[in-house]
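Asker: got a predicted structure here, sequence first:
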Amino acid sequence: MNPRRLNHKVIYLLKHLSDDNIISVRQTKHIKVSGIFGGKKEVITLCSSPSHSRYESIVRSRLRRFLESIGIDKEQIDQTLQL
């Protein structure tokens with residue numbers, strides 16, 4: 001999958017999972033998405049290099065760990081990761 005397209009899907013997903021449907025996306029060297037999830041401000045950094053050959057699997061892994069950390073069920077994570 002195209003890294004740009006994958007990034008847009010992840011950002012869209014995180015926006016809808018946030019408490020107030022508001023997130024902040026910043027990029028200096030890496031894309032950082034921050035928002036309020038479960039009453040706490042959380043930040044996730046997407047993969048550091050889109051030219052990496054395993055970009056999609058790295059982003060999925062980071063997203064899965066992030067979703068587990070904010071308390072989303074494993075079944076819901078599996079449904080969610082059908083990007």
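Answerer: Nice, thanks for sending it over.

Asker: and the most far-flung residue of the chain relative to its centre, how far from Arg65?
Answerer: Distance from the centre of the chain peaks at Ser53, with 18.6 Å (Cα atoms, centre = their mean). Note on Ser53: its distance to Arg65, by Cβ to Cβ, to the nearest Å, is 21 Å. Bear in mind the C-beta positions are built from the backbone N, C-alpha and C, glycine included.

Asker: do the same with Ile72
Answerer: If you go by Cβ to Cβ, the gap between Ile72 and Arg65 works out to 11 Å.

Asker: quick one, which of the two is more surrounded?
Answerer: Shown here are Ile72 and Arg65; by other Cβ atoms under 10 Å, Ile72 has more neighbours (16 against 11).

Asker: so the more buried one: helix, strand or coil?
Answerer: Assigned by DSSP: H, G, I helix; E, B strand; the rest coil, the conformation of Ile72 is coil.

Asker: and the helices in the protein?
Answerer: Secondary structure of the chain, counting by DSSP state H: helices at 3-17, 55-69, 74-80.

Asker: for Ile23, find the nearest of the ones you listed.
Answerer: Nearest to Ile23 among the helices of the chain is helix 3-17 (5.0 Å), distances taken as Cβ to Cβ.

Asker: got the buried residues for the closest one?
Answerer: For helix 3-17, burial by neighbour count (16 or more other Cβ atoms under 10 Å) applies to 3, 6-7, 10, 13-14, 17.
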